[in-house]
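1. Need a 3D model of the sequence below.
(one chain, ligands or ions: 1)
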Amino acid sequence: MPFLSVSYTSFRNIADTTIDLLSKEVYFIGDNGQGKSNILESLYMASYGSSFRTRDDSEIVRTGNSQYGIRAIFRDQKERTNTIHVSWKDGKKRIEKNAKQIIDRKELVDTVPCVLFCHDDLDFAIGTPERKRFFIDQSLSMYDSSYIDIHRQYKKILKSRNCLLKDKKADLLDVLDVQLAQTGLQVIQKRRKTIANFNQVFARLYQEVSGISGVHIEYSPSWKSEDEHSIVQQLIERREQDLLINTTLTGPHRDRIRYVIGKTPYVPTASTGQRRLLSLILRTAQAQFYTELTGRLPVLLMDDVMLELDPDKRQRFTSVLPEYDQLFCTFLPGEPYERYKRSTTRVFDVSGGEFNVR
Ligand SMILES: Nc1ncnc2c1ncn2[C@@H]1O[C@H](COP(=O)(O)OP(=O)(O)OP(=O)(O)O)[C@@H](O)[C@H]1O
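-> A predicted model of the protein is given here:
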């Protein structure tokens, strides 16, 4: 059972208190704007060191205050009790695990693995190519920490190449083109493999819940070859165009991800609920593969994501939920959360940032 409790100091609208989380499932019931998402945000921050809603910590600190703190206590695989403390003071964030400062958030990746289902996930189905790539990159980073380094390296080389393009230093591009091709190829190969893995379960799960068969994820890398020499050639051939607009026009930062039935794009004709379901099934697959590849169960954080599904699809979606170590779920008061409740579920009423066990 990962999270045992969480304590707050000046964190958004949540009262300065400790909340006991010692249950397999924890539900938060409350009207809009009461603090349900804020608590999920705090648990996500304890897992990964950053918010899924903002990069600006000054938004997180309670209005009128100058610092915030979250202290989460969790039990690890060896049944040891650990503490994560995330704080922000004088414009600086500090993350500590068992009182030892964490310098690179990469160190936290498999501390308390969380899979978040939230409203903005819809972007992974219908958003910009960048948001769709983000989902695959995030999944890879959860399963394979070497990908974090490869991806960082790619972005660094790309940035240097773009600087050279801007400064019109074409004579220095040869070395960077080779490095970009080599690192970019590793990114493509890992993305391709992950998407192939996702496709093994994606179509089946999507059909099980929506009744629509054959929907799958299509990956189109920007580089059409996976041969280093051909890619370097391609970069040289496009160099003039790149120099003209001061940026690298091809590479994994331009890869495309689409949802198709056969060869036909699925999203343009899909309904709101069917689109929402795409993002829910993506998250389900993310959690499922995490368990398959690491042998560990994740914590699921589900923030109001079933609202757009009709009751029948909701029921079917809950039946394909991935296995979890702990589940946190938010509901509006009118929702039939009782239907999904188990004997192990703890239910909190949330009002004005206060949490009371029902
Ligand atoms: N920095 C802050 N300081 C004080 N209050 C804040 C801060 N940031 C957000 N809030 C308050 O937190 C509340 C929003 O809480 P939250 O996003 O958790 O809503 P929710 O209960 O999940 O509702 P919904 O169902 O609408 O998402 C709002 O009342 C907002 O004013």
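2. Distance check, Gln234 against Thr248.
-> Distance of Gln234 to Thr248, given as C-beta to C-beta, to the nearest Å: 11 Å. Heads up, the C-betas are built off the backbone N, CA and C, glycines and all.
3. ok, these two, which is more surrounded?
-> With other C-beta atoms under 10 Å as the criterion, Gln234 and Thr248 differ in neighbour count, and Thr248 comes out ahead with 26 against 19.
4. Check the residue nearest the centre of the chain and give its pLDDT.
-> Centroid check for the chain by C-alpha atoms, centre = their mean gives Gln138 as the closest residue, at 5.5 Å. As predicted, Gln138 sits at a pLDDT of 94.
5. So it: helix, strand or coil?
-> Three-state assignment for Gln138 (DSSP: H, G, I helix; E, B strand; the rest coil): helix.
6. Chain neighbours aside, what residue packs nearest to it?
-> Nearest residue to Gln138, sequence neighbours excluded (C-beta to C-beta, 6 or more residues apart in numbering): Gln286, at 7.9 Å.
7. what about the residue in the stretch 101-250 of the chain positioned nearest to the ligand, neighbour count?
-> Using C-beta to the nearest ligand atom, the point where the stretch 101-250 of the chain gets nearest to the ligand is His119, with a distance of 7.9 Å. Summarising burial for His119: neighbours were counted as other C-beta under 10 Å, giving 14.
8. correct me, but the residue nearest to Gln138 touches Met142?
-> Yes. In this structure, Gln286 sits in contact with Met142. The criterion is C-beta atoms under 8 Å, and the distance is 7.3 Å.
9. For the worst-scoring helix or strand of the chain on mean pLDDT, name the packing helices and strands.
-> Averaged element by element with mean pLDDT, DSSP states H and E, the chain has its least confident helix or strand at helix 311-319 (a mean of 89). Other elements packing on helix 311-319 under the criterion 3 or more C-beta pairs under 8 Å, 6 or more residues apart in numbering; DSSP states H and E are helix 173-210, helix 272-294.
10. So for that helix, what gets flagged as buried?
-> Along helix 311-319, these residues count as buried under the neighbour rule (16 or more other C-beta atoms under 10 Å): 313-314, 316-317.
11. So the residue of the stretch 101-250 of the chain closest to the ligand sits against Asp303, correct?
-> Yes. With contact defined as C-beta under 8 Å, His119 reaches Asp303; the gap is 6.7 Å.
12. Which residues are in contact with Ser145?
-> For Ser145, the contacting residues are 106, 109-110, by C-beta atoms under 8 Å, 6 or more residues apart in numbering.
13. Apply 10 Å and report the result again.
-> Counting by C-beta atoms under 10 Å, 6 or more residues apart in numbering, Ser145 makes contact with 106-107, 109-110.
14. rewinding a little: would you mind finding the most buried of the helices and strands packed on helix 311-319?
-> Mean neighbour count, computed with mean count of other C-beta atoms under 10 Å, is highest for helix 272-294 among the helices and strands packed on helix 311-319, reaching a mean of 20.
15. I'd like to check the angle between it and helix 311-319, please.
-> Angle between the axes of helix 272-294 and helix 311-319 is 10 degrees (criterion: axes from the mean of the first three to the mean of the last three C-alpha atoms, to 10 degrees).
16. How far away from the center of its chain is helix 272-294?
-> 11 Å (C-alpha atoms, centre = their mean, to the nearest Å).
17. The residue of the stretch 251-358 of the chain found nearest the ligand: neighbour count?
-> Among the residues of the stretch 251-358 of the chain, Asp304 lies closest to the ligand, at 5.4 Å counting by C-beta to the nearest ligand atom. A count of neighbours around Asp304, defined by other C-beta under 10 Å, yields 19.
18. In space, what's closest to it - neighbours in sequence excluded?
-> Across the structure, with C-beta to C-beta, 6+ apart as the measure, the residue nearest Asp304 apart from its sequence neighbours is Thr330 (5.3 Å).
19. Wasn't that neighbour part of a strand?
-> Yes. Note on Thr330: a strand contains this position according to three-state DSSP.
20. about what we covered before: pretty sure the residue of the stretch 251-358 of the chain closest to the ligand is in contact with Asn32, am I right?
-> Yes. A contact is recorded between Asp304 and Asn32 when judged using C-beta atoms under 10 Å, the distance being 9.2 Å.
21. Overlap of the contact sets of those two?
-> When C-beta under 10 Å, 6+ apart defines a contact, the residues bordering Asp304 and Asn32 alike are Leu332.
22. Doesn't Gln241 belong to a helix?
-> Yes. When classified by three-state DSSP, Gln241 is found to be part of a helix.
23. Could you work out the end-to-end span of stretch 219-228 for me?
-> The first and last residues of stretch 219-228 sit 19 Å apart, counting by C-alpha to C-alpha, to the nearest Å.
24. got a list of contacts for it?
-> Here stretch 219-228 makes contact (C-beta under 10 Å, 6+ apart) with 129, 132-133, 136, 178, 180-182, 184-185, 187-189, 191-192, 194-196, 198-199, 230-231, 233-235, 248-258.
25. Now do the shared contacts for His119 and Asp303.
-> Counting by C-beta under 10 Å, 6+ apart, the residues touching both His119 and Asp303 are Ser37.
26. what sits against the closest residue to Lys166 other than its chain neighbours?
-> Once flanking residues are discounted, Lys166 sits nearest to Asn246: 4.5 Å by C-beta to C-beta, 6+ apart. When contacts are counted by C-beta under 10 Å, 6+ apart, Asn246 touches 162-168.
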